[in-house]
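Undergrad: Next come a sequence and a model predicted from it.
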Amino acid sequence: MNHSQTKNLVGTALCIALGLILPQVFHLIGAGPVFLPMHIPVLLCGLCFGWPFGLVCGAVTPLLSSVMTGMPPLFPTGTAMVFELAAYGALSGILYRKLRKNIYISLIAAMVGGRVVAGLASAIFYGVAGKAYGFQIFLTGAFVTGLPGIILQILIVPILVIGLEKAMVISKPTISKV
């Protein structure tokens, strides 16, 4: 295993750990669903280490959190979050590395794409669970309740990535084919 691969694996493990710890801190002050703290390390992982690592981080983090802390409840919320966060991690990595190199466009597009995946997964899993879920619930959960978290992500995530690139902790991506 080369140095770069080791750095990516260690960075992904750190992002998973942050994805377990940050929600606990935010839930202590009752701000978890509003600030979406599990999303931040997953988006960072995809942007910093690439889409495969972001996808794994996004899929593993809500499952581990559910098993270890009971938050989110495994079904249907946690299961839907697996798909949502996996999409965030994968899309942020793909868009940043393969297509545009513009961190803001990549981040916002990944956030929108992940929310679409969340809506579809939630519609399926909530339906299987016999719980109400519709377009109004989707819009409220994805955009209204989480608006402070969306703003926080747009402000904090690019600053962290750009800072890590400037400090040469991670490499600035080059454009490559998908």
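TA: That came through fine. Residues are numbered from 1 along each chain as shown.

Undergrad: in the helix or strand harbouring residue 13, what's buried?
TA: Using DSSP states H and E, residue 13 sits within helix 3-28. Buried residues in helix 3-28, counted by 16 or more other CB atoms under 10 Å: 8, 11, 12, 14, 15, 16, 18, 19, 20, 22, 23, 26. From N, CA and C alone the C-beta is placed, and that goes for glycine too.

Undergrad: same question, stretch 137-156
TA: Here stretch 137-156 shows 138, 141, 142, 146, 149, 150, 152, 153 as buried, counting by 16+ other CB under 10 Å.

Undergrad: which of these sit farthest apart?
TA: 138 and 152 (20.7 Å; CB to CB).

Undergrad: List every C-alpha atom in stretch 70-83, with coordinates, as CSV.
TA: Below are the C-alpha coordinates for stretch 70-83, written out as CSV (Å, rounded to 0.1, in the frame of the first residue of the first chain):
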residue,chain,number,x,y,z
GLY,A,70,-29.2,4.6,18.7
MET,A,71,-29.1,7.8,16.6
PRO,A,72,-30.4,7.8,14.0
PRO,A,73,-32.9,5.0,14.6
LEU,A,74,-31.8,2.2,12.2
PHE,A,75,-35.0,1.9,10.3
PRO,A,76,-36.3,3.8,8.4
THR,A,77,-34.2,7.0,9.2
GLY,A,78,-30.8,5.4,9.5
THR,A,79,-31.2,3.2,6.5
ALA,A,80,-32.3,6.2,4.3
MET,A,81,-29.3,8.2,5.7
VAL,A,82,-26.9,5.5,4.5
PHE,A,83,-28.0,6.2,0.9
